[in-house]
Structures are given as structure tokens and as C-alpha cells.
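Engineer: predicted coordinates and the sequence they were generated for:
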Amino acid sequence: MATKIFARPSARLKAEHLLEMFWLMLLSRRVDERAWALHRQGKIAFHISGMGHEGAQVGAAFAINRGVDYVHPYYRDLALVLALGITPTDFMMSLFGKKDEYSSKARQMPSHFGSKKLNIVSGSSPVATQVPQAAGLAFAIKYKQQAGLVNPDDSTQPRLALTCLGEGSTSQGEWHEGMNWAGVHQLPFICLVENNLYAISVPQEGQMAVSNVADRAAAYGVKGIWVDGNDVLAVYDAVYEAAQRAYRGEGPTLVEAKTYRVVPHSSDDDDRSYRSREEVEEWKKKDPILRFEKYLMDEGILTPERLDEYETRARAEVDRAQHAAEAAPYPAETDALDEVYAD
Amino acid sequence: MATKIFARPSARLKAEHLLEMFWLMLLSRRVDERAWALHRQGKIAFHISGMGHEGAQVGAAFAINRGVDYVHPYYRDLALVLALGITPTDFMMSLFGKKDEYSSKARQMPSHFGSKKLNIVSGSSPVATQVPQAAGLAFAIKYKQQAGLVNPDDSTQPRLALTCLGEGSTSQGEWHEGMNWAGVHQLPFICLVENNLYAISVPQEGQMAVSNVADRAAAYGVKGIWVDGNDVLAVYDAVYEAAQRAYRGEGPTLVEAKTYRVVPHSSDDDDRSYRSREEVEEWKKKDPILRFEKYLMDEGILTPERLDEYETRARAEVDRAQHAAEAAPYPAETDALDEVYAD
Amino acid sequence: MTVLTLIDAIKQAMDEELERDPRVFITGEDVGKRGGVFRATQGLYDKYGGTRIVDSPLAELSIVATGIGAALADLRPICEIQFADFIHPAFNQIVNEAAKMHYRSGGQWRVPLVIRAPYGGGISGALYHSQSVEAFFTHVPGLKVVIPSTPYDAKGLLKSAVRDPNPVLYFEPKKGYRAIKGEVPPGDYTVPIGPARVAREGRDLTAFAYGMMAHYTVLAAEQVAREDGLDVEVIDLRTLLPVDKTAILTSVQKTGKALIVHEDNLTMGYGAEVAAVLADDGFAYLDAPVRRLAGPDVPAVPFAHTMQEFFMPNPDKIAAAMRDLAEY
Amino acid sequence: MTVLTLIDAIKQAMDEELERDPRVFITGEDVGKRGGVFRATQGLYDKYGGTRIVDSPLAELSIVATGIGAALADLRPICEIQFADFIHPAFNQIVNEAAKMHYRSGGQWRVPLVIRAPYGGGISGALYHSQSVEAFFTHVPGLKVVIPSTPYDAKGLLKSAVRDPNPVLYFEPKKGYRAIKGEVPPGDYTVPIGPARVAREGRDLTAFAYGMMAHYTVLAAEQVAREDGLDVEVIDLRTLLPVDKTAILTSVQKTGKALIVHEDNLTMGYGAEVAAVLADDGFAYLDAPVRRLAGPDVPAVPFAHTMQEFFMPNPDKIAAAMRDLAEY
Ligand SMILES: Cc1ncc(C[n+]2csc(CCOP(=O)(O)OP(=O)(O)O)c2C)c(N)n1
Ligand SMILES: Cc1ncc(C[n+]2csc(CCOP(=O)(O)OP(=O)(O)O)c2C)c(N)n1
Ligand SMILES: [Mg+2]
Ligand SMILES: [Mg+2]
């Protein structure tokens, strides 16, 4: 039931887009590495990483109408949100828990992304809760079109809702109900499952008795597809097709991007008790950034000089972001009392 | 992925078993009709009916080790529990809410079946909650076998857990999580979905974007099968196969029995707003009792005389049950305070 | 003014809000052609069509969650939970999600969501069609919890709820759906969420209640006025969260005695908070113990009429508690 | 006697119960090879194997529900919820199912189930890794709710919970996991579920607390004894449901003043029930308002350390509240 796609929308991407995608993957990686370093230095309390997932995330981001379509991401989506317009400084502010932090005014742990301006819905920690909410966002899109409140072709308006989660989180009833709602109403909805084979320590077999999460889509009348999540262009292709289906009113898609988390679950985790070093090293060889780099080099799109330039720029941006965040003030104690209710 | 079965274990059923099955279906129908009558007479507050489902239920009951295997039924399972050993008097006591009522001491509404003695787990009203609990019962069976606490071949012990629910209730996250647990652990578990096309007023299309609930089983690594639920022997066959798989340790099965509720959802419902009289009349022609009756007559197993005898006996049993229940005392007011905690 | 039942006032509020604002829609189980199992949405499907009156799958968490999503997208969902007893599967979405979204996003996102649910006992609904669930949600900052006891308030509060930028739980005393009648002006008016209502002025003691129990408490107050010459002030709390401390304290400052009535079970029921407010800020006003008359601490209302009777407070039991407290 | 941390006492209790009764098993997320995210089950997988230490799918309602099923089948499941903040998806199974099963079956079926969950703030866990959730469940007859504050009690109460024929929620103050140490006898003993513990005797006022706040309250009591000569009685409630009314009333009969401390937010927190008990049955003993020191009414503990600090009660704040009340 899950199918691989063979048409390649990404063949139409211009060199500048490919380079921008590469840049964002690289930038995300460097921001992420810095966060781990800051944690080791005892400067921050917590980091949860997107390392290894950058290809899946940037591929998906570029396939939708970035900053306009609704995105309801999860904690691992650093590269995704950077691709949507969150800045390294934004992220660093959340690592340090500084006043006026962009997502939550430093109320949430880092990596609980959210920006009204960019139509990124604020996430929580309980996994999978975003899925039925995203179905609701997609329902609202369809509702507004049917009720004549928006023009279905107006691309300044959200025309789909994309939500992301890990394979383990599909065990939740929340996921079932969200997928089902999307299927019943054939909503403009994309569920991107970033399957990295583990939910903290529990391997995929402990979560489900099927090989592909994508195979679960059929149960909902949702189109299901799985792709190599370390191939940014394959993910782009799959999500692009899904987005076009959504825009055309043809219904929801589940895209499973098979990837790997090359680091522990979070800065609180130690993955040595539950997976071998060999396994991790094997997967590091499949790194989506290295792979894309090689592709772009082979195609003559990326040059060693430009790569150096990107690295220098990334380091500068990360430094600047860290310094800005470190210099920023903490929230006042009583800021805790604000915004309990909207008025 | 859902398959029809062609082997017919029921071909091996002896005439006496077939007659017992028929008798129980008929008895259930007569008890059920009396309940509707008592409601019309204003003698009872509520009735929820199993009419139309008798074939699916009795077929399933006879396919397992009745009174020994765990059964976690739902409110529509009157014929099922009668086949497991609940008596018409038991049921009448619950309609009238009398002291020492068998399932709950008159704390629950009628049709919230339960009997420790018969390994029928007490049910609640929130739908689908029984499914993950039944997975837990099945888990316990496997656990005890693995831990050497019971002998897997000991048929005086429960060797599977059967749970039932309507097609609409599969929309619940509870169902998803229960099915998933059964799949992950390949438990001795059977989920019987009594698909009567409606959840109160909402037709199947409003619950799911698939044609068969059985098609959803594949998402869990659970075997899925659908059968004509008005054909008692077809249901028997399907559940029998599922039970044998469970006993052999080969894992869980979802059996979808396609049937129809020929009466309103409950005594509080009026189904005229949401379905046509023609549709109901069409389905009444497919009545599982009429159909089985014809089969048994054609086979020479049932005779008109014996049918009369059954009818007479059913009427007598129902009368006796009603009178016993009417004559029984109500609970004391302060019985409400008992058994909040076990000790 | 027309005299309407509680449920008709609720329906009228929804009808007028649907008419007023195309962003308002209703979802829930059987709300469409069936018009809801209590008929609260009867006729609305015919009037507004399937786009706006949407039968949901049988799945409460997704009813609330898709409501949250739609609210985030600036629609105005009214989600019906068929019985309050079935709100539990949606607990995570209500408590962890709807209630915290505004705060957790630093004020960026808002959830203008209404969740309606019939609650309460006395209708032979037994353990799972009689529950009172308000206490759970009154512990959750970010939510508003509203319970009307008169048709006038029902309409006005529901309109306020629909227009509120926050998630509002609107619980309806189902025993009163047809039993409680009252005057309701046609057309638009609102009753603000927040302030309690003095349902009856009095000097001897204050009785706090809400929902069906507010109705009964007024009856009991009239009874003890007639029979015992007792002058009881009845405060219909109406909004349970935020807590109207001012109303609670003002009344007891006058009367010196407080009785709290709810059909929910006693321990950690809403009466606990009212009593705690009085035991602290109202301590100086009190000249008697703060009494709670509530359902017993058993899992829920039993089916058999004898036990149901035993469980439920009623005007006689309330009157007895009033007399008892007055004698202190 | 050995000195153990709170979490090691918890682990020891589980280890001994697994050893004692082959029906005891543990399930939850990452409880197996990983030994739990807080390491409460570390080593148990190696010792007892995958049949008895079972990694669950990432799905709390099914963790509890399969636990209920297994308990019905006479096993003794210990279900771990990774953080109390994630218990909400299981609310329906806990409140509608586990709590009501015995009652609804007229006493036929029982659910000997333990649900363990780390709770509470002060560990930079922010809105979703800091919640206190006990208040919700203390409103639910049929459940028992236990919160230890010392390693001795942690072990003894957990053993009682495993042997109890009812569903027991056992909440663990995670900030105290390694911070709280104390003597724990090796081998078998139990601490009964029900009675509160006098953690410190005193005459001037009574402070009620549980979990990490019981620990802090004792520290605060020692501080005001040293600095102000105030003699505070500290009651560690330990069992929140059933409510130990006797302990509450007995102490306040002696001291006349009550302060209740919890980190959960104020409104409808557990302190409300303690205050309500005192405002009624303890009214005659009170010579001052019943004070509650609690988290503010905001959705949960914020991340930034400034706001976290502001949210959490601590020994200084508790001492200040004690002084303030003593002066009344
Ligand atoms: C409801 C809930 N339960 C438990 C957790 C704790 N937790 C955080 S992430 C995680 C594993 C998630 O695995 P997966 O969905 O595969 O995503 P991944 O982290 O691998 O990307 C767990 C158990 C949580 N956040 N929410
Ligand atoms: C959680 C929950 N939500 C709502 C209800 C109210 N309700 C009772 S039965 C029912 C429909 C069930 O439909 P289905 O699962 O198809 O079973 P059927 O009654 O058709 O046999 C509903 C909505 C309930 N009992 N539990
Ligand atoms: Mg994963
Ligand atoms: Mg049905």
C-alpha cells in the first residue's frame, strides 16, 4: 500500500534552491553542535537535537509554502523551523531561557518551536498531541474555502497543515484520531513521520508490528509513502507531491522519512545501554549532509570554496547568536504571571 | 489484506450444538423484545438492544472456551453473554435495578455485563476502553505461560481474551492503542467488531475512510478478516480460526462481523431522522435468526414442532425472569456506599 | 419575553451565534441530522448545513483537538461532548493543550474554543451518564469553567463563551434541560463570564451552588423562609473558574455562615475551594463552620433509584442542611 | 541501616517485590534496557528479564489499560508513567475504569494496580516536565493517592501499594530523587497507606505538606525554630486519598493554626480540601485563618530559572509564611 515515488519534482529545483537547502542543513547542524557544546560546558540546562534529521526536515520545508502553510512541528525539527524562518538567535535565546524568547517568552524548554508570524504552531511536550490539532488546522482551511471565507487559490493564505512526529509517537491514540479525522474529511494535511528507529531506547519493533509506518496510512484512507529520509531530495519529492495533492483538494498524505538520530535522545540520555556503537557509526556514514554535499559537488553546484564560505558564515552566525543570547536579560520573576488568559 | 475464510470449522458442529446456538439466539431476541415492551409500558428506565446482532454474538461465543476464556463485551452483547451463562433473570434484574443484580448490584445501567465467575469483565459506558484492557488480559495469559505460572494447554484456564465493540468505536484512540499492544506482543487476543453501519446516527463513512474495519488490522500486524455477521456459522468459523490461532500462540485477530441494528440505538433514540424506513426493512429481511432457522429447517435439524417448543419455552423463561425481577427488592439506599475499595 | 427551557435557551444562543459569525461551527457526535442526543442542536443542520454542523467521529480527544486546531486558525468551534462522563479521553487535549497554548506561546496563539457537555445526575444515567466533572477543570489555569442554572444565563453565558478568546468549558445541568424554564429575551445579549449572581438575597446564611443545585437551593431557601423564617442568601456561582472570590466573601461578610452545595462528590469537589477561600480571607467573617453538602465519596451515581436518591442532594436535604447550620 | 536516596529506596522496593511475587511485573516507556529515564528500574531488566520488565509502546493510556487488564487477571502490574505530565492521556482509564471497576462490578472484580510517576518542579523541566497532578486524582473515590517524602516511607509505601487490592497512584517528587537521603532497612517492611506522619512535633502552628514540600517544610520549621523560637508541627500527609482527617484535626486541635504547602497551583489544589476539612470539622480549633502556600495559578512551572524560582515554594518562602501566620 505504501509506494515509493518515481517522479522527481526536485529535478526542477534551481541551483540556488539546492544551495539554500544545503546551507540550512549545514546551519542547523552547526547550531545543534553548539548547543551540545554549551550543554557540556554547563551553560545550558537541556538540549534535544535534530542531528541526522536535517535532510528529512529541510526537504519537507521546501516542498510547502514556507512561512504561510501551517506547520505543527515536534521537538526534533530544528532544521525544519530554521528553514521556515526561525533564526539561530531565536533558538539560542530559548536554550538560555531569556526574556522575550521568540517561542514562549522562555516559558517552555528549548525546541518547543512556535511562531504565530510564521504560522508555526506552538508545540508542547506530550507527543502526538499536535497531530489531531493539525487535522483541525486543515479542517479550518477546508471550512474557510467551503464557506467562502477564503479563496482556495490564494497562496498568501495557508492551504495545508503539515505536522511532524517520530515513529514511536504513532503508538498514541492522539495520532490515530488525528489521522482518522484527516482521512474522513480528506483534508489538506500532511503527516511527516521522522522514523529514526528509536523512541528514546525503544526500537521500532517495540512500537509496532509493521515494517513501515507508511503502511498504517491505508487504515485511514490516507495516502502513505515512505522515502529515504537521509536523501533530502527524495523527501522533497514526496512532500511536494503530498502538498500538491493537498492544494488540489485531493486529501491527506502520510510521508515516512526513514532516518536515524546519530546522537542520544537528548542531553539527559546516554544511548550506550540500548544500541551498539557500530550501529551508530554505520548510520553516521549515511549522514544526510555529507550525502547532499557529495551530490552537489558531483553536480558542480557546490564547490569546496563555497563550502568553506558556508562554514565560515555558519560559525559566525552561531557565534553571533550565542553572544546575543548570552547578553540578553532573563525574564523578570513575575513575568511568570502574564498571559494565562487572552483578552 | 482482509480475507474471507473458506475452511468451515462449523461443518463439524453437531446438530445439538447448532440447536443450542439457535435456541440462544431466539432466547436473546425474546428477552430483548420483552425489554422494549417493558420500556414502552414505563416499567423500566432504559433498554439498549442487541436485535440483529444475535448471529454475530452467538457465533463468536461458541467458537471460544465459553465461561473460561476472558470476554470483555460491550452493551450490545446480550446474546453473547446469554451464550456464556448469564440468565434471563440476571438480565431482568438489571433492567429493573434490583438488589443483588448480578453484574453491578444495580449500580450500572442495564447491559453493562460482567461476571467474575464466568470471566466476563465488567464493562463501562465509555466506548472502546475495554479493548486495551482486553489486550492486558491477553498479555497476562501470555505472561503467566511464559513465567511458568500456568500450563498453556490447560483449558480450565483462560487462553484468550475476546473483546467486542461497534465499528464507530474504532475511531477512539483506545482502540488503536489496544490493537497495537496486541500486535506488538502478538497476544492471544480477538477483537470482534460488530459493524452495524451506524454509531447512533453517524454512518460508517463518518467514522472512517475505509470500507472494511478489518482492513485496519494490517496497521497493527494483526490478522484481519470480515464476515457476514448475519450468518452465525460464518462468524463461528472466523472466530474459531482466530481462537485456534490464539491458543497456538500465533497472535491476535480482528474479526469484523457485518450486520445491522434493526431497532433504534436505545430506548432514548429515534432513528427516523437519520435512516430510511426502507433501509431498515431491507435489513430485516436478512435477520440472522430467520436465516439460521431456514438453514436448520432445510437441513432437517430444526422442525416446526421443535421451533414451537422453543418459542413456548422462551416465553416461559422470559415471563419467569420478569416476574422474579419484579418481585425482587430494591437495593437499600446506603448500599450506594459499599465496595468503593476492595480489601 | 418568551419563556424557554434551559435547552432551548442553549439552542437559541448557538443559533444566533451561527447566524452572527460565519466562523462559528458546531462539531460533536450526532450533532447533525440527529440534532444531538438531547436535541440541543435540533434544526441547526437543516438551517446551516453539513459544513457548519459537523458530525464528528466517535472520538472525544479529536473533537477537542480539531477544535483547538480550528480555533488556532481563527474559527470559533463549539464542540459538543455527548455526556460529561465522556470528556475524559479529551483530558490531555483540554488540560495540556487548550489551557496552556496561550501561555506556552508567550501570548502568540489563542484558542477561542467552547466545549459544551451535559453533566449531572438524577436521570437514571448511573455511573457513566451522571458524572459531574467540573472540579477537575477548575484546577486548571487557562481554562474558564461556566455552569448556568437559568435559561437567561444559559443563553447569555454561552454567547460570552463563543466570543471569549480562551477555551471555555460550558457544562449544562442535564436534569434541568426541560425542567428549568425561564424568561429569555429574543436577540442578542450576553452575560459576562466571571461574576456570580445573587439568586436570592438573605441575611441569615449564604448558600453557594451552581447548575441544578442552584435551582434546588433557591427552592430550599424558599422552603426554609416559609417554614422556619430563615432568610438565606443564595449565590449561583455560574462561573467556577476564575473563582469569584469577591462574591463569596461579600456575601459571607454579611451573613457569617456558609453552606456549599454540589452534586459532585465531596472530597476535592468545588466546595473545597469555596471553603478554603472562606477559611483564609473570610476567616474573620465566619461565625460557624463552613458546611458542604455534596454527593457521597463513591465513584458516581448508582443506577437503582433508591441509591440514586441517596446520592443526590435535593431541596429537602438542602433545607435540612440550612436549618442545621442556622442553628449553630 | 543503610542510607539510600529516594530513588534507590523506590528501586529497592520494586526489586524486593519482584523477587517476592512472580505476579509482579513492571511496564512503561524505557523501563527495560534503559532502566527508566530517571534510572528507577536500572538493573531490573538484567535481573528479571524482558518478560517481567516490559518496555511499553509510547502510549500512556495503553500502559494503564493493559495494566488494568493484567490486574484483573490477578497479576500485580507496576506501571511507570515517564513524567506525571504525561498521565493525562490515561485519565480516562484511571478515572473511569481503574477507579470504578470494583464498585461497578458490585465488588466482583478488583484492580491491584500501581501507577508510578515522577512529578514536580524545580528541575528546569518547564511546563511539561514539572507538573503536579495529584489534585485531579484526589477527587476520585476508588483511587488511592500516595506521595512519599523520605526514603523510608518511599520503600514501605510502595510495597504497600503493590500489595493493595486497589489502584494506587504513587507520585514521586523527582527533585528529591537524589537530593533526599535517609535510612532504609534492608528487607521487608511496609508503611500503611492511609495515615499521615508527624514529621516534626510542635505547638505553635501546624504545617501540612507532602513530597518535596514536606522535605522543605521540615527545613523551614527548623529554621524558624532556630531563628524565631517558633515551634512548628509538620505533618507529612503521605497518603492524600483517602484523606487522613484525623491527623489533620488532631494536630490543629493542638496548635490552632494551619498552613498548607504544595507546589501545585493554588486554586483547587489539595490544600483546598485540607482547608475545607478544617473550616468545617476543625472550625472550633482555629484561632487564625487557614493559609495556603502554593504555586501561582499559572498553567505550569516556566522554564527560565527566574520564573521557576518565582513559581516554586522553598524553605525561605515557607518560613516566611510560618512567621506571618504565627503573628496572626
Ligand atoms: C505523552 C508522552 N509520553 C512520553 C514522553 C517522553 N518522551 C519524549 S520523546 C520520547 C520518545 C519519542 O520517540 P519518537 O516518537 O520515535 O521520536 P524521536 O524522539 O525518536 O524523534 C518519549 C518517550 C512524552 N514527551 N510525551
Ligand atoms: C467515549 C464515549 N463517547 C460517546 C458515547 C455515547 N455513545 C454510546 S454508544 C455510541 C455509538 C456507538 O457506535 P458503535 O461503536 O458503532 O456501536 P453500536 O452502538 O452501533 O453497536 C455513542 C456515541 C460513549 N458511550 N462513550
Ligand atoms: Mg524515533
Ligand atoms: Mg455501530
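Structural biologist: Yep, that arrived. Numbers count the residues shown, from 1 in each chain, chains lettered A, B, ... in the order given. Ligands and ions are numbered 1, 2, ... in the order given.
Engineer: can we go C-alpha only for contacts and neighbour counts from here?
Structural biologist: Will do.
Engineer: as a whole number, average confidence for stretch A:273-283?
Structural biologist: Averaging pLDDT along stretch A:273-283 yields 97.
Engineer: that stretch near chain D anywhere?
Structural biologist: Yes - contact of stretch A:273-283 with chain D (CA under 8 Å from any CA of the partner chain) involves A:273-274.
Engineer: contacts for that stretch?
Structural biologist: A:201-202, A:260, A:262, D:33-34 (CA atoms under 8 Å, 6 or more residues apart in numbering or on different chains).
Engineer: apply the buried test to these and list what passes.
Structural biologist: A:201-202, A:260, A:262, D:33-34 (16 or more other CA atoms under 10 Å in any protein chain shown).
Engineer: quick one: which of the residues you listed is nearest to ligand 4?
Structural biologist: The closest of the buried ones among the contacts of stretch A:273-283 to ligand 4 turns out to be residue A:202 (CA to the ion; 35.8 Å).
Engineer: now, the contacts of stretch A:273-283 that are in strands?
Structural biologist: The strands, defined by DSSP state E, take in residue A:202 from the contacts of stretch A:273-283.
Engineer: how many neighbours does the spatially closest residue to residue A:297 that is not a sequence neighbour have?
Structural biologist: Spatial nearest neighbour of residue A:297, chain neighbours left out: residue A:303 (6.0 Å); criterion: CA to CA, 6 or more residues apart in numbering or on different chains. Neighbourhood size, residue A:303 [other CA atoms under 10 Å in any protein chain shown]: 14.
Engineer: hang on, residue A:303 packs against residue A:295?
Structural biologist: No - taking contacts as CA atoms under 8 Å, residue A:303 lies outside contact range of residue A:295: 11.1 Å.
Engineer: count the residues that sit near the residue in the stretch 1-150 of chain C that ligand 2 sits nearest to.
Structural biologist: Taking CA to the nearest ligand atom, ligand 2 has its nearest neighbour within the stretch 1-150 of chain C at residue C:86, 4.7 Å off. By the measure other CA under 10 Å, the count of residues near residue C:86 is 23.
Engineer: in the stretch 51-200 of chain A, which residue sits nearest chain D?
Structural biologist: residue A:107 (4.2 Å; CA to the nearest CA).
Engineer: list the contacts for that residue?
Structural biologist: A:97, A:336, C:103-104, C:106, D:126-127, D:301-304.
Engineer: what pLDDT does the residue nearest to residue A:297 get?
Structural biologist: 98.
Engineer: same check on residue A:343?
Structural biologist: On the pLDDT scale, residue A:343 gets 94.
Engineer: that one in helix, strand or coil?
Structural biologist: coil (DSSP: H, G, I helix; E, B strand; the rest coil).
Engineer: skipping adjacent residues, who's closest to it in space?
Structural biologist: Nearest to residue A:343 is residue C:165, by CA to CA, 6+ apart, at 6.3 Å.
Engineer: before we move on, what about residue A:38?
Structural biologist: residue A:44 (6.0 Å).
Engineer: pretty sure that neighbour sits against residue A:37.
Structural biologist: No - using CA under 8 Å, residue A:44 is not in contact with residue A:37; the gap is 9.3 Å.
Engineer: higher neighbour count, these two?
Structural biologist: More crowded of residue A:44 and residue A:37, by other CA under 10 Å: residue A:44, with 18 against 14.
Engineer: find the closest residue to ligand 4 in chain C.
Structural biologist: residue C:58 (10.3 Å).
Engineer: phi first, then psi, for that residue.
Structural biologist: phi -80, psi 80 (degrees, to the nearest 10).
Engineer: just residue C:205 next, same as before
Structural biologist: Taking degrees, to the nearest 10 as the convention, residue C:205 sits at phi -160, psi 160.
Engineer: contacts only, for it.
Structural biologist: Shown in contact with residue C:205 (CA under 8 Å, 6+ apart): C:231-233, C:252, C:255-259, C:322, C:326.
Engineer: secondary structure element holding residue 293?
Structural biologist: If you meant another chain, say so; for now it's chain A. helix A:288-298 (DSSP states H and E).
Engineer: wrong one, chain C
Structural biologist: strand C:291-295.
Engineer: same question, residue A:140
Structural biologist: helix A:130-146.
Engineer: contacting residues around that helix?
Structural biologist: So helix A:130-146 is contacted by A:70-73, A:123, A:150-152, A:158-164, A:174-175, A:177-179, A:181-182, A:185, A:187-189, A:191, C:51, C:62, C:65-70, C:72-73, C:75 (CA under 8 Å, 6+ apart).
Engineer: and the next element down the chain from it?
Structural biologist: Counting by DSSP H and E, the next helix or strand C-terminal to helix A:130-146 is strand A:161-166.
Engineer: pLDDT value on residue 226, please?
Structural biologist: Went with chain A since none was named. 98.
Engineer: try again with chain C
Structural biologist: Per the predicted model, pLDDT is 98 at residue C:226.
Engineer: which positions in chain A make contact with ligand 4?
Structural biologist: Within chain A, no position is near ligand 4 by CA under 5 Å from the ion.
Engineer: that older thread, next, the angle from the next helix or strand after the helix holding residue A:293 to helix A:288-298.
Structural biologist: Past helix A:288-298, further along toward the C-terminus, the next helix or strand under DSSP H and E is helix A:304-327. With axes from the mean of the first three to the mean of the last three CA atoms, to 10 degrees defining the directions, helix A:304-327 sits at 150 degrees from helix A:288-298.
Engineer: by contact count, what packs against helix A:304-327?
Structural biologist: Counting contacts by 3 or more CA pairs under 8 Å, 6 or more residues apart in numbering or on different chains; DSSP states H and E, helix A:304-327 packs against helix A:15-40, helix A:88-96.
Engineer: hey, C-alpha coordinates of it in CSV?
Structural biologist: Extracted C-alpha coordinates of helix A:304-327, given in CSV (Å, rounded to 0.1, in the frame of the first residue of the first chain):
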residue,chain,number,x,y,z
PRO,A,304,35.0,23.5,-1.9
GLU,A,305,35.3,27.3,-1.8
ARG,A,306,31.7,27.8,-1.3
LEU,A,307,31.5,25.1,1.3
ASP,A,308,34.3,26.9,3.2
GLU,A,309,32.4,30.1,2.9
TYR,A,310,29.3,28.4,4.2
GLU,A,311,31.2,27.0,7.1
THR,A,312,32.7,30.4,8.0
ARG,A,313,29.3,32.0,7.7
ALA,A,314,27.7,29.4,9.8
ARG,A,315,30.3,29.7,12.6
ALA,A,316,29.9,33.5,12.5
GLU,A,317,26.1,33.2,12.7
VAL,A,318,26.2,30.7,15.5
ASP,A,319,28.7,32.8,17.4
ARG,A,320,26.6,35.9,17.0
ALA,A,321,23.5,34.1,18.1
GLN,A,322,25.2,32.7,21.2
HIS,A,323,26.6,36.1,22.2
ALA,A,324,23.3,37.8,21.6
ALA,A,325,21.5,35.2,23.7
GLU,A,326,24.1,35.3,26.5
ALA,A,327,23.9,39.1,26.6
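Engineer: give me the buried positions along that helix.
Structural biologist: Of the residues in helix A:304-327, those buried (16+ other CA under 10 Å) are A:307, A:310-311, A:314-315, A:317-319, A:321-322, A:325-326.
Engineer: got TSV for those residues, with pLDDT and distance to ligand 3 too?
Structural biologist: Below are the buried residues of helix A:304-327 laid out as TSV (pLDDT from 0 to 100; distance: CA to the ion, whole Å):
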residue	pLDDT	distance to ligand 3
A:307	98	30
A:310	98	30
A:311	98	29
A:314	98	28
A:315	98	29
A:317	98	29
A:318	98	27
A:319	98	30
A:321	98	29
A:322	98	28
A:325	98	30
A:326	98	31
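Engineer: what's the closest of those residues to residue C:94?
Structural biologist: Among these, residue A:325 lies closest to residue C:94 (CA to CA), at 33.3 Å.
Engineer: please verify my assumption that that closest one contacts residue A:100.
Structural biologist: No - with contact defined as CA under 8 Å, residue A:325 does not reach residue A:100; the gap is 10.6 Å.
Engineer: quick one: residue A:128 from chain C, how far?
Structural biologist: To chain C, residue A:128 is 11 Å away according to CA to the nearest CA, to the nearest Å.
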